[in-house]
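J.: please find the sequence and the predicted model below.
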Amino acid sequence: MPLPSLVNSHKHLLTLNSRELPLYKDALPGVPGVDVQPLMLDPHNGVWVVRAVIHPGVTLPTHFHTGSVHLWTLSGSWHYLEYPDQPQTAGSYLYEPGSSIHPLTTPADNKEPTEMVMVVTGSNVNFDADGNYLGLLDANSIMQMIDGLIKERGLNPARYIRPPQPDYTAR
């Protein structure tokens, strides 16, 4: 079997070193204690990869996943409020299918922040404690959020992987 035809020509690897990138402190509006480092944002395909550091005692809004999540816990611990008996600790990998809904919390008695890397498809539809819609979190809104933080805080432009977008020019 011959090699497939080259569809995309890559002159360079799409790679970066997270140790050389900024971590945006208190990045989520209305949720202090959540620091975010975008690694890959692809609004065209609805995929986002971020490193998040969540400080002790933080509870994220209840959110509904329109797609799946792969989440690796690198340090610290967290759990879903509905599953306090299933804490996710350093080394844990969690897969969530689409249509999951839950609030994520980090215990207030954690000795260190919880660090995680997640690969998400689709959106998180966020709700407050009374079930009122708060907004979406997806690749596009994260791009806008980071751009707003950079402008507001006078920071250097963000570096993260932005996959090449397809060319829809008629041929």
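T.: Happy to help now that I have it. Residues are numbered from 1 along each chain as shown.
J.: pretty sure I150 sits in a helix.
T.: Yes. With DSSP: H, G, I helix; E, B strand; the rest coil as the criterion, I150 is part of a helix.
J.: what is the burial count for it?
T.: 15 (other CB atoms under 10 Å). (Glycine included, C-beta is placed from N, CA and C.)
J.: hmm, it is touching Q144, no?
T.: No. In this structure I150 lies outside contact range of Q144 using CB atoms under 8 Å: 10.8 Å.
J.: ok, the most centrally placed residue in the chain to A158 distance?
T.: The structure's the chain has its C-alpha centroid closest to V50; by CA atoms, centre = their mean the separation is 3.8 Å. Between V50 and A158 the distance is 12 Å, computed by CB to CB, to the nearest Å.
J.: shared neighbours of these two, anything?
T.: Shared contacts of V50 and A158 (CB atoms under 8 Å, 6 or more residues apart in numbering): P38.
J.: coming back round to it: what strand or helix carries the residue nearest to the centre of the chain?
T.: strand 47-54 (DSSP states H and E).
J.: which elements pack onto that strand?
T.: strand 34-42, strand 114-121, helix 139-153 (3 or more CB pairs under 8 Å, 6 or more residues apart in numbering; DSSP states H and E).
J.: low-confidence regions, the protein specifically.
T.: Flagging of the chain using pLDDT under 70 yields the residue ranges 4-10, 166, 170-171.
J.: try it again at 90.
T.: Within the chain, the ranges that satisfy pLDDT under 90 run 1-14, 29-30, 163-171.
J.: what sits closest to P163 if chain neighbours are left out?
T.: D42 (4.8 Å; CB to CB, 6 or more residues apart in numbering).
J.: outside of stretch 25-39, which residues touch it?
T.: 16, 18, 21-24, 48-55, 57-58, 60-61, 113, 117, 134, 142-143, 145-146, 149, 158, 160-161.
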